[in-house]
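**Q** This is a predicted model, with the sequence first.
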There are 2 protein chains.
Amino acid sequence: MEKRYELDRYAAVYAMRTGSMVSSEVRDLLSVTERPDIISLAGGLPYTQIMNGEMISTLFAKVMREECAEALQYGPTDGLARLKKEIAGIMAAEGLEVHPEDVVITHGSQQGLELLSKIFINPGDVILTESPSYVGALNSFVSYQPRMEGVPLDGQGLDTDLLGKRLRALAVSGERPKFLYVVPNFHNPAGVTMSMERRKALLQLVREHELLLIEDNPYGLLRFEGESLPPLKSFEPESVVYLGTLSKILSAGMRLGWFVAPAPITEKLLLAKQSADLCTSSLTQRLAHAYFATQDWRGVIEKLVQIYRRRRNTMLEALEEFFPEGTSWTHPEGGFFVWAKLPEYVNTKDMLAAAIDQKVAYVPGMAFFPDRSGANHMRLNFSYPSEEQIWEGVRRLSLVIKRELKLARSLGLADRQGPPTDAERTEE
Amino acid sequence: MEKRYELDRYAAVYAMRTGSMVSSEVRDLLSVTERPDIISLAGGLPYTQIMNGEMISTLFAKVMREECAEALQYGPTDGLARLKKEIAGIMAAEGLEVHPEDVVITHGSQQGLELLSKIFINPGDVILTESPSYVGALNSFVSYQPRMEGVPLDGQGLDTDLLGKRLRALAVSGERPKFLYVVPNFHNPAGVTMSMERRKALLQLVREHELLLIEDNPYGLLRFEGESLPPLKSFEPESVVYLGTLSKILSAGMRLGWFVAPAPITEKLLLAKQSADLCTSSLTQRLAHAYFATQDWRGVIEKLVQIYRRRRNTMLEALEEFFPEGTSWTHPEGGFFVWAKLPEYVNTKDMLAAAIDQKVAYVPGMAFFPDRSGANHMRLNFSYPSEEQIWEGVRRLSLVIKRELKLARSLGLADRQGPPTDAERTEE
């Protein structure tokens, strides 16, 4: 019986190795973190509580009065023209001038990632990502069976020296990466922002190697401090597919994202979108248009920034206060996440059960690495939990980590380099 | 420069051959049919004008009052539990008992088709469809590069004798079709309904050949006359993936569909859905739930059925009145479409420009055939245009056809079998 539903032999292997493992991790976590006694630093949710439901109802009622039949009807595959105009305005706030007609609206920016994967990736193709990278992107990519290569990040973002070396080595072996995927601002999961110097170095490599960039910028407007840096697409529009989303500045539940791509890519993406879902919701697009056209959306973003900044501050203070020696973490200038590093011999996936016993959750680092390395990292979210929860959550987590470190010392693991072997782990 | 964005070599070839051709046909048509002077019988739009916008606004306001933050937030990949319950109720009205937890909500049923294509089709795999078949399904399938084989329909639906022969021939050659895709009720584009006898014969073949069925039922509740026939899934639940949609009974603009599949398939589809878009809109799902939970949705369907029945009657009367000898058409018991057949030497794609000159549009038959045959057919929509438009549209169309037939007679094409050769066509 099983055989008749036989799936792609490659896909099945990959799903076992990576896709479904990541997914089930995330799903199991989400199911646990719905328990009210657990403080979840695992999620990646925007704080939608600040939105004014009455205002949204008023906008909705106006859409229904003026164009009910159209809002309930199919719409164009590329999206509602007047929402594209508003999105061009949002992109201008990000530092990017685009023609509204070049914007294509998607069912969340996750759909943009899926469509790009579908049109670009043949099994075995090389694609490049940051390492670590956004798990949702990795899931889309891996489902089309590329050979994924990760290029490490540091505090300044993508390590462009290593990228250069990698690109030259690929060129020598006659391989051409289909694209490089980057999240330049307030990286998920790493929390870092690509510096101006690195942006310039990256763009130099893009020109040299005729590399296609996918620039994913979900958090760009959520900057807590420092100067905004120009999007990569503003330097090299013909080499960059830009992905944006309303999930972090209006609503994730509306499922509205967009991409702006070079014209020949847009054409292929539109065909792929038509197969994927015919069109994005006419209803949510009209509602979003009404919001951006009539409301002080910049003021709402400022309010979000204030809340998120305080929560980030609380998280950084709590980490300083509670986390033991031998741990470190990033200091994000915006976005949703702090990325913490524990001693190399700690496996944060194995430690998760103990954390949940202590009623705190995080996402283990391994999920974010294309090669499943990075087992000693963890992603901590500060956008959704309250300041009190963040403080208490980090405190609980520190107890779990301290116990883990103590155990490791007593087993002699702490004295040497490298993670424990499987045998050692079983002995534990 | 072009080369750097090189797409999948197979996909590009297929897109040129089939996918993008169909798409651009449909897109060009849609762009033309927006002109107010053109009567479009080309669309496939539900008549959303009957929905009560004030009622929907009231439902929306309640959702915002009671759970604004949740409605604006990410939701579970499989959908909102309470909407699944309502969908189980809709399926009960279709004659199918399912557990709500087995329902997975998608971004339109088109997304279900895309996800099925993604998890099942490897390049070169054999898949079976009716011939003609729904163009949106064909587009999704072809984008994963199967070998598509069409099995003809007649007035009783799928020709199960021919299907049986084809399945036996495939078995002999050791090939196993991944699935058979069918639209049993009020077929798009053919307008026919699979008879009870054919359903039984099909299910017998399904059992014999361990064939997986994809049963797409967008129009099932829109029956104008006669007895409802039980869904295929009700006989063989473990062999059928059922696809449903709210597009035809509530709103296409909400983009809400669903599937119910055997458990191992559901698991893979959920992983694919997670990569595709994380989740369906929390907002539109809550709104749809509020509608089905509190409104007389059966009464609204009854109203739609009355409108569509009158429009179908008008179309059949107009065809009887105006269409010339040598043409024939189906008599749909429900749904959106009449399927008309012209003499074999007429190519409805070539004739379209003349029709648009006469200010009437249809969809050429070729778009609906997996092998691009069927050039002498056309799909006529009666769900969206008014009765007056239908009458006048069919009249205009008949003039175009009569002129085409006259021309063919004068060229001697009408006296022999088969379509004209390319040389002959150029001579015209």
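**A** Arrived safely, thanks for sending.
**Q** Could you pull up the contacting residues of A:Ala272?
**A** The contact partners of A:Ala272, by Cβ atoms under 8 Å, 6 or more residues apart in numbering or on different chains, come to A:Leu115, A:Lys118, A:Ile119, B:Ser143. No exception for glycine: its C-beta is placed from N, CA and C like everyone else's.
**Q** what's A:Glu215 sitting at in phi/psi?
**A** phi -110, psi 110 (degrees, to the nearest 10).
**Q** There's contact between it and A:Ser234 in this structure, I believe.
**A** No - A:Glu215 lies out of contact with A:Ser234 (Cβ atoms under 8 Å); the separation is 9.8 Å.
**Q** Return the member of the contacts of A:Ala272 nearest to B:Leu411.
**A** B:Ser143 (38.6 Å; Cβ to Cβ).
**Q** isn't that closest one right next to A:Lys268, touching?
**A** No - with contact defined as Cβ under 8 Å, B:Ser143 does not reach A:Lys268; the gap is 10.4 Å.
**Q** if we can go back for a sec, looking at A:Glu215 and A:Ser234, which has the bigger crowd around it?
**A** A:Glu215 (26 against 18; other Cβ atoms under 10 Å in any protein chain shown).
**Q** sorry, back to before: quick check, nearest of the contacts of A:Ala272 to B:Ala81?
**A** Looking across the contacts of A:Ala272 and measuring by Cβ to Cβ, the closest to B:Ala81 is A:Leu115, at 28.8 Å.
**Q** got the CA coordinates for the strand or helix carrying that closest one in CSV?
**A** A:Leu115 is part of helix A:109-120 when elements are defined by DSSP states H and E. Extracted in CSV, the C-alpha atoms of helix A:109-120 (Å, rounded to 0.1, in the frame of the first residue of the first chain):
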residue,chain,number,x,y,z
SER,A,109,7.0,36.4,1.4
GLN,A,110,7.3,32.6,2.1
GLN,A,111,5.5,32.2,-1.2
GLY,A,112,8.2,34.3,-2.9
LEU,A,113,10.8,31.9,-1.5
GLU,A,114,8.9,28.9,-2.7
LEU,A,115,8.4,30.3,-6.2
LEU,A,116,12.0,31.2,-6.5
SER,A,117,13.0,27.7,-5.4
LYS,A,118,10.7,26.2,-8.0
ILE,A,119,11.9,28.2,-11.0
PHE,A,120,15.6,28.2,-10.2
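**Q** Who are the packing partners of that helix?
**A** Under the contact criterion of 3 or more Cβ pairs under 8 Å, 6 or more residues apart in numbering or on different chains; DSSP states H and E, helix A:109-120 touches helix A:135-142, strand A:213-216, strand A:240-245, strand A:257-260, helix A:263-277, helix B:263-277.
**Q** still on that earlier bit, when B:Ser143 and A:Lys268 are compared, which one has more neighbours?
**A** More neighbours surround B:Ser143 than the other of B:Ser143 and A:Lys268, with 26 against 22 (other Cβ under 10 Å).
**Q** tell me the mean pLDDT for the helix holding A:Leu115?
**A** Throughout helix A:109-120, pLDDT has a mean value of 98.
**Q** Name the residues that touch that helix?
**A** With contact meaning Cβ under 8 Å, 6+ apart, helix A:109-120 is reached by A:106, A:127, A:136-137, A:140-141, A:143-144, A:178-179, A:212, A:214, A:216, A:218, A:241, A:243-245, A:247, A:257-259, A:265, A:268-269, A:272-273, A:276-277, B:7-8, B:11, B:143, B:275-278.
**Q** cool, and stretch A:47-65?
**A** With contact meaning Cβ under 8 Å, 6+ apart, stretch A:47-65 is reached by A:71, A:250-253, A:283, A:286-287, A:290-291, A:294-295, A:300, A:303-304, A:307-308, A:383-384, B:53-54, B:56-57, B:60-61, B:64-65, B:68-70, B:72-73.
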